[in-house]
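> this one's sequence-less:
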């Protein structure tokens, strides 16, 4: 069945928010295979026309981050995929411009969804570039980007747009981080507090130039660009939850308020030909205010190929599970708790899933069991009935080792990342191959695992990193660092690092801790400080 979006009033050069809501409700009612076709052109979506939904999204805003009068986790959604099966969306190059703060698309309880050839962008988003043009002893002059709307009243700088009016000096003084791109390193983005942390007042100058006064102006250099934004992860780009067989082909997203794509409790994800770059001719160097991609508690296979990621204030990619803390044990029933404030409110356990009991200090297994049943109790607790609890202890954590996808990250280009390019804590077979990491301020590839901070699981058991180019990394190009507090045995194992090229880094190109069965061969290193090991076993290398 071919469904033409124009038949539902979704036409180019029009505001289509309300019409999209009606159209996607209709799609949920149509059974069988179907194709939704958009005409090529530009479409406009206003946040006021989008319907709201309760979205508990991993690694986003926690309950305590919402303001008085706000409903936690209630978000407007532009493309509401919900309870839809067997749908192919042909964008045909359509471009959707969003005005206001929304989640671009929410794919919930869906199966067999394919989305092809479309772009999403924003008008005057709450992201503002200030470029240093002059530095005095007690002031810095900035040029404001051409899209931002601002005003200065009584020495206070306000940024203004749909769904926001921000007193920048007060708001961003308290921000966890802003971002800076230095004139001499335009491909490197770094987190900074410098712009507003000591600002006193602002003054308007001519031609989109402003002056901000400081007691001291150390660290400011003409040509450097600062990016200021609301770092609360209240909205995301594309969200997939409790779904199966999700495919995105040649999708462009040129601005995201937090994560560009996030999937949880979803099976089989294919992302190909993504263009997550600034895109538009605004001159912006940033695209996402947090990570580009988060894959959490997913299963089956996940592949990300032939894509470009440029300009994120957190990781490019994070593939992980969740370490749930054991709260209570009663016979064969245990109650476990979401521990990190930004992840809760969903149930990723299924009948017959296999779980491992993990010691929080060593990160080693103490036993295994299978899930008989699972019930979400409020936002933070899950009650599990198991076929046994041998090895379980209150205060330890569990890992769902069935919710670990086979993972492929291949032929992608990654640039201007404020933290890690690829962060992996995943037991299943993982391949990172043929990628170009142009610039990231921390590690290129980071194998982690922790049960005391972010509670992101788990052990890496089969990882191949091959034929990648690391042009610049602020830390080791490959960093294998489980966050165990005590070494009682190796956490990660079976890591192959083959035929990679490391450039422009003065420290060790590879660091590893508490890992066994590491093979390093055929690599080209930036310097003689090639590898640094601690508590590792059975390491083979060709140098």
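Structure received. Quick caveat, the model's predicted, so the values are computed rather than measured.

> pull the longest helix from this protein.
If you go by DSSP state H, the chain has its longest helix at helix 17-28.

> so what does that helix touch, helix or strand wise?
For helix 17-28, the packing partners by 3 or more Cβ pairs under 8 Å, 6 or more residues apart in numbering; DSSP states H and E come out as strand 34-37, strand 42-46, strand 74-82. Backbone N, C-alpha and C define where each C-beta goes, glycine included.

> so where's the stretch 251-400 of the chain shaky on pLDDT?
Using pLDDT under 70 as the threshold, the predicted model of the stretch 251-400 of the chain has no low-confidence range.

> strands of that one, residue ranges please.
For the stretch 251-400 of the chain, applying DSSP state E, counting those that start in this stretch gives strands covering 261-264, 267-272, 275-276, 293-296, 299-305, 308-312, 317-320, 324-330, 333-337, 354-358, 365-377, 381-386, 397-400.

> residue 253 is in contact with residue 236, correct?
No - the pair residue 236 / residue 253 is not scored as a contact, 10.2 Å apart, by Cβ atoms under 8 Å.

> and for these two, which residues touch both?
Common neighbours of residue 236 and residue 253 are listed as 104, 260-261 (criterion: Cβ atoms under 8 Å, 6 or more residues apart in numbering).

> wait, which of those residues is closest to residue 140?
residue 260 (31.4 Å; Cβ to Cβ).

> residues contacting the closest one?
By Cβ under 8 Å, 6+ apart, the neighbours of residue 260 are 236-238, 253, 276, 287-288, 291-293, 312.

> now do the SS call for the closest residue to residue 362 other than its chain neighbours.
Closest residue to residue 362 apart from its sequence neighbours, by Cβ to Cβ, 6 or more residues apart in numbering: residue 488 at 4.0 Å. Following DSSP: H, G, I helix; E, B strand; the rest coil, we place residue 488 in the coil state.

> ok, residue 488 - contacts?
Residue 488 neighbours (Cβ under 8 Å, 6+ apart): 359, 361-362, 364.

> neighbour count and distance to residue 464 for those residues - can I get that in CSV?
Listed next are the contacts of residue 488 as CSV, based on neighbours: other Cβ atoms under 10 Å; distance: Cβ to Cβ, whole Å:
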residue, neighbour count, distance to residue 464
359, 18, 28
361, 14, 29
362, 18, 26
364, 19, 23
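
> same list, those residues, but as JSON lines with distance to residue 45 please.
Shown next, in JSON lines, are the contacts of residue 488 (distance: Cβ to Cβ, whole Å):
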{"residue": "359", "distance to residue 45": "49"}
{"residue": "361", "distance to residue 45": "49"}
{"residue": "362", "distance to residue 45": "50"}
{"residue": "364", "distance to residue 45": "49"}
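
> show me the two of these that sit farthest apart.
361 and 364 (9.0 Å).

> quick check: neighbours shared by the two?
Common neighbours of residue 361 and residue 364 (Cβ under 8 Å, 6+ apart) are 484, 488.

> switch the helices and strands packed on helix 17-28 over to JSON lines; also include distance to residue 456, mean pLDDT and mean neighbour count.
Output for the helices and strands packed on helix 17-28, formatted as JSON lines (distance: least, Cβ to Cβ, whole Å; pLDDT from 0 to 100; neighbours: other Cβ atoms under 10 Å):
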{"stretch": "strand 34-37", "distance to residue 456": "35", "mean pLDDT": "98", "mean neighbour count": "18"}
{"stretch": "strand 42-46", "distance to residue 456": "33", "mean pLDDT": "98", "mean neighbour count": "20"}
{"stretch": "strand 74-82", "distance to residue 456": "23", "mean pLDDT": "98", "mean neighbour count": "21"}
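
> of those strands, give the one that comes closest to residue 56.
Distance to residue 56, taken as Cβ to Cβ, is lowest for strand 74-82 among these, at 10.3 Å.

> counting by contacts, list what that closest one packs against.
Strand 74-82 packs on helix 17-28, strand 51-54, strand 85-99, strand 103-108, going by 3+ Cβ pairs under 8 Å, 6+ apart.

> residues in contact with the longest one?
The list of residues contacting strand 85-99 from outside it, by Cβ under 8 Å, 6+ apart, reads 12, 27, 31-47, 78, 81, 104, 110-124, 162, 251.

> can you select the buried ones from these in PyMOL?
Paste this into PyMOL to select the buried members of those, with burial taken from 16 or more other Cβ atoms under 10 Å:
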select buried, resi 12+27+34+36+37+38+43+44+45+46+47+78+81+104+110+111+112+113+114+115+116+117+118+119+120+121+122+123+124+162+251
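
> ok so, going back, for the longest helix of the chain, what is the average pLDDT?
When pLDDT is averaged along helix 17-28, the result is 97.
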